[in-house]
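sharing a sequence plus its predicted fold:
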Amino acid sequence: MRLVNQVREEFGTEYPMLSFYQEPTLRAMTAHLTEAVGATTPDAAPAPGDDLPGTVERRAPATLQQARFATVHAGHRLPQVFNVALRLTLTGTLDVPALRTALTRLVERHEGLRTRLAPAGDGWEQQVLRPGPVDLPLEDLTARPAGERRAALDRVSAEVTETPVDPTRGTPMALRLLRTADDTWVLLLVLHHSACDGWSVSLLLRELAALYGSARQGVPDTLPDVECQPAAYAHWQQEQADEADEDRKVRFWLRALDGVPFTVGLPLDRPRPDSPSGRGGAVPFTVPAEVRAAVERLARQRGTTPFVVTAAALGRLLARTSGQDHVVFNISYANRERRAFESLLACTITGFALPVRDGAAGSFTALTDRVARTAVECMDHALPVRRIAPALREHTGIEVPDRLDVGFAYQSSLDAEVELPGLTTAVEDLAPAAARTELTFGLVPAGDELRGFVEYSSDLWDRATIEGWTRAYVDLLREETGRALDD
């Protein structure tokens, strides 16, 4: 297996394990690789024109994620919901030219940060733009009275967060730098979700810190080359397309979701509108260190992961709150299947449904074991719900939504702990007042704790209701893991 994986990595092509076992010889391997590499489709040739920054350097098919986000962005009432906004508070002596150089170098390295999405035929294409100096608007708030600075910072932060970043009209990143005191600066950084996920945000912050350090010292950076760009990832996705394999996965889902309601009947604070407004909010919460430790101990004891334990707890909470025996919710899956994808700054996430049967019944240990088995099977057959919905409608004879109303994301790959050299750095998430789904629970490891959030539709719920559910979730995690570990 290691030999086959190394061949895949070195030659950048698929080499099925079955082919190796059928004829494990160098002659057969050479013949397969010669044919596969020779058939690789090169990127589209650069468009004719000058070499000015911002002009199209080359075109390539859009990734599945880029195409999906471009489509839903165009039709969404509040497209700012796809903003991924960060506020970095930098305390110390900031070298502004070095920061601008670091951001410029970051955009040079990662084509996804300088890619525009454009309609092409029946779909979308990437237009990779030539790099140039990054635009970093600077606003100095220090002349204002001290009491007004925080209000001004919050106003600008909200303005930047609520302004949609349109990936079809320019690059998918917006920046602002504010000075709030002699030794305090705030960098506002907003990315469109089509260009990033949790993994990418962590990568971006790490590289920004390294590039700033190099620029500050006036020396070349020593970062390794980027192994994969979004254009190459899109070609890889096309090569992986297999209609027979997708049919096999759809058949699995027909069995896995048999008898499971496609909506979770949670109590509402107000009737569901005929046409959702898209408005929403986000409630933060914390899973304390002792509860996180119990989650991890139970995961080790049952031979599974903290994701499974926390997902099982969510399944139990949803089952109890809705009164349903079975519930299903969407899982966001990092989908970084190859070593080269570790340096890819792009959105690679996909989703799959996780059915939790008899969520309110039996011991939490038994529930965790069931969810562990189910999660592995579902991950092996991962397909977004919209891809299986037509078959489910035909199979069940009932209406099946293209997306589930509840989601869960355990972002173990997101690490927002970063320090720019010479500066104390604090990173905050800024959420727009909008919701992508009715209800999404998220957890991110942070220090000894788990940092949580719930994004919700304000068409349906008041903030106080969501706050109550977050408390109930943490209490459930504490009680159920404690009981399971005592058994």
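The structure has been received and is ready for your questions. Here the structure is a predicted model, which means the values were calculated and not measured.

CA atoms for contacts and neighbours, from now on please.
Fine.

ok, now which ones touch the nearest residue in space to M173 that is not next to it in sequence?
Closest residue to M173 apart from its sequence neighbours, by CA to CA, 6 or more residues apart in numbering: L191 at 4.5 Å. Contacts here follow CA atoms under 8 Å, 6 or more residues apart in numbering; on that basis L191 touches N83, V84, A85, V165, P172, M173, A174.

quick one, grab the pLDDT at the fifth one.
What it means is P172. Per-residue confidence (pLDDT) for P172: 95.

give the closest residue to it in space, chain neighbours not counted.
H192 (5.2 Å).

can you give me the helices in the chain?
Secondary structure of the chain, counting by DSSP state H: helices at 2-11, 17-22, 26-38, 64-75, 96-109, 146-162, 198-217, 230-240, 243-256, 289-302, 306-322, 364-380, 385-396, 463-486.

and the ones you listed, which one averages the lowest pLDDT?
helix 17-22 (a mean of 41).

circling back to that earlier point, would you turn the helices of the chain into a markdown table with mean neighbour count and distance to D51?
Below are the helices of the chain laid out as a markdown table (neighbours: other CA atoms under 10 Å; distance: least, CA to CA, whole Å):
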| stretch | mean neighbour count | distance to D51 |
| --- | --- | --- |
| helix 2-11 | 13 | 31 |
| helix 17-22 | 12 | 44 |
| helix 26-38 | 13 | 30 |
| helix 64-75 | 18 | 25 |
| helix 96-109 | 19 | 14 |
| helix 146-162 | 15 | 31 |
| helix 198-217 | 20 | 25 |
| helix 230-240 | 18 | 20 |
| helix 243-256 | 14 | 40 |
| helix 289-302 | 18 | 52 |
| helix 306-322 | 22 | 47 |
| helix 364-380 | 18 | 44 |
| helix 385-396 | 16 | 40 |
| helix 463-486 | 16 | 51 |
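
and P137, which of these is closest to it?
helix 96-109 (10.1 Å; CA to CA).

look up which residues are beta-bridged to W185.
Under the criterion DSSP bridges, W185 forms beta bridges with L90, R179.

who's in contact with the nearest residue to Y212 once chain neighbours are set aside?
Spatially, and ignoring its direct neighbours in sequence, Y212 is nearest to A102 (4.9 Å; CA to CA, 6+ apart). If a contact means CA under 8 Å, 6+ apart, then A102 has L208, L211, Y212, A215 as its contacts.

could you do A195 as well?
So A195 contacts Q66, G112, L113, P172, L345, A346, C347 (CA under 8 Å, 6+ apart).

among these, which ones are in strands?
Using DSSP state E, the subset of those located in strands is empty.

and of these, the nearest to A299?
Within those, the smallest distance to A299 is 28.1 Å, found for C347 (CA to CA).

and the closest residue to that closest one other than its chain neighbours, how many neighbours?
Leaving out its chain neighbours, the residue that sits closest to C347 by CA to CA, 6+ apart is C196, at 4.3 Å. C196 sits with 26 neighbouring residues when counted by other CA atoms under 10 Å.

tell me how far C196 lies from M173.
Distance from C196 to M173, counting by CA to CA, to the nearest Å: 10 Å.

do S343 as well
Taking CA to CA, one finds S343 at 18 Å from M173.

of the two, who's got more company?
Neighbour count, other CA under 10 Å: between S343 and M173, M173 has more, with 22 against 18.

which residues sit in contact with the more buried one?
With CA under 8 Å, 6+ apart, M173 has these contacts: L113, V165, L189, V190, L191, H192.

I figured the third one hits A85, correct?
Read that as L189. Yes. If you go by CA atoms under 8 Å, L189 and A85 touch, sitting 5.8 Å apart.

comparing these two, which shows the higher neighbour count?
Higher neighbour count among L189 and A85: A85, with 25 against 20, using other CA under 10 Å.

need the contact list for the more buried one.
Contacts for A85 (CA under 8 Å, 6+ apart) come out as T161, L188, L189, V190, L191, D429, L430, A431.

ok, R302 next?
When contacts are counted by CA under 8 Å, 6+ apart, R302 is found next to T365, T368, D369.

for T424, state which of those residues is nearest.
T368 (40.2 Å).

where's L113 relative to P432, distance?
Here L113 is placed at a distance of 21 Å from P432 (CA to CA).

just the contacts of M173: which are in strands?
Those of the contacts of M173 mapping onto strands are L189, V190, L191, H192, per DSSP E.

from V226, how far out is the second one?
Using CA to CA, we find V190 at a distance of 22 Å from V226.

before we move on, what about the last one?
Here the distance between H192 and V226 works out to 20 Å (CA to CA).

then the first one?
When CA to CA is the yardstick, L189 and V226 sit 21 Å from each other.

more neighbours: which of V190 and V226?
Neighbours were counted for V190 and for V226 using other CA under 10 Å; V190 has more, 24 against 15.

check that one and give its pLDDT.
V190 is given a pLDDT of 98.

which residue is nearest the centroid of this protein?
D197 (3.1 Å; CA atoms, centre = their mean).

and the closest residue to it other than its chain neighbours, what is it in contact with?
Of all residues not flanking D197 in the chain, C347 sits nearest, at 4.9 Å (CA to CA, 6+ apart). With contact taken as CA under 8 Å, 6+ apart, C347 is in contact with Q65, Q66, H193, S194, A195, C196, D197, S200.

distance check, C347 against A389.
23 Å.

same question for R100.
46 Å.

do V96 as well
50 Å.

likewise N330?
For N330 relative to A389 (CA to CA), the value is 13 Å.

one more: R336?
According to CA to CA, R336 stands 25 Å off from A389.

sorry, back to before: export the ones in strands among the contacts of M173 as a markdown table, with columns for distance to R248.
Shown next, in a markdown table, are the ones in strands among the contacts of M173 (distance: CA to CA, whole Å):
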| residue | distance to R248 |
| --- | --- |
| L189 | 42 |
| V190 | 39 |
| L191 | 36 |
| H192 | 33 |
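
identify, from those, the entry nearest to H76.
In terms of CA to CA, no member of the ones in strands among the contacts of M173 lies closer to H76 than H192, at 13.8 Å.

name all residues that make contact with P276.
P276 is in contact with D459, counting by CA under 8 Å, 6+ apart.

from L78, how far off is it?
Here P276 is placed at a distance of 11 Å from L78 (CA to CA).

L476 against A313, yeah?
Yes. L476 is within contact range of A313, at 6.9 Å (criterion: CA under 8 Å).

mind listing what the nearest residue to S413 once chain neighbours are set aside touches?
Using CA to CA, 6+ apart and skipping the chain neighbours, the partner closest in space to S413 is W199 (5.3 Å). Going by CA under 8 Å, 6+ apart, W199 touches A334, S413, L414, D415.

redo that, cut-off 10 Å
With contact taken as CA atoms under 10 Å, 6 or more residues apart in numbering, W199 is in contact with 334, 336, 342-349, 411-415.

and those, which is closest to G92?
Once CA to CA is applied, the member of these that ends up nearest G92 is D415, at 22.2 Å.

next, count neighbours for the closest one.
Other residues close to D415 by other CA under 10 Å number 19.

and for T222?
T222: 9 neighbours (other CA under 10 Å).

going forward, count from 13.
Sure thing, new numbering starts at 13, so read that last one as T234.

V231 touches G225, doesn't it?
Yes. When contacts are counted by CA atoms under 10 Å, V231 is listed as touching G225 (8.8 Å).

that older thread, pipe the contacts of C359 into JSON lines and attach distance to L102 per row.
JSON lines is the format used below for the contacts of C359 (distance: CA to CA, whole Å):
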{"residue": "Q77", "distance to L102": "32"}
{"residue": "Q78", "distance to L102": "32"}
{"residue": "H205", "distance to L102": "24"}
{"residue": "S206", "distance to L102": "27"}
{"residue": "A207", "distance to L102": "25"}
{"residue": "C208", "distance to L102": "23"}
{"residue": "D209", "distance to L102": "23"}
{"residue": "S212", "distance to L102": "21"}
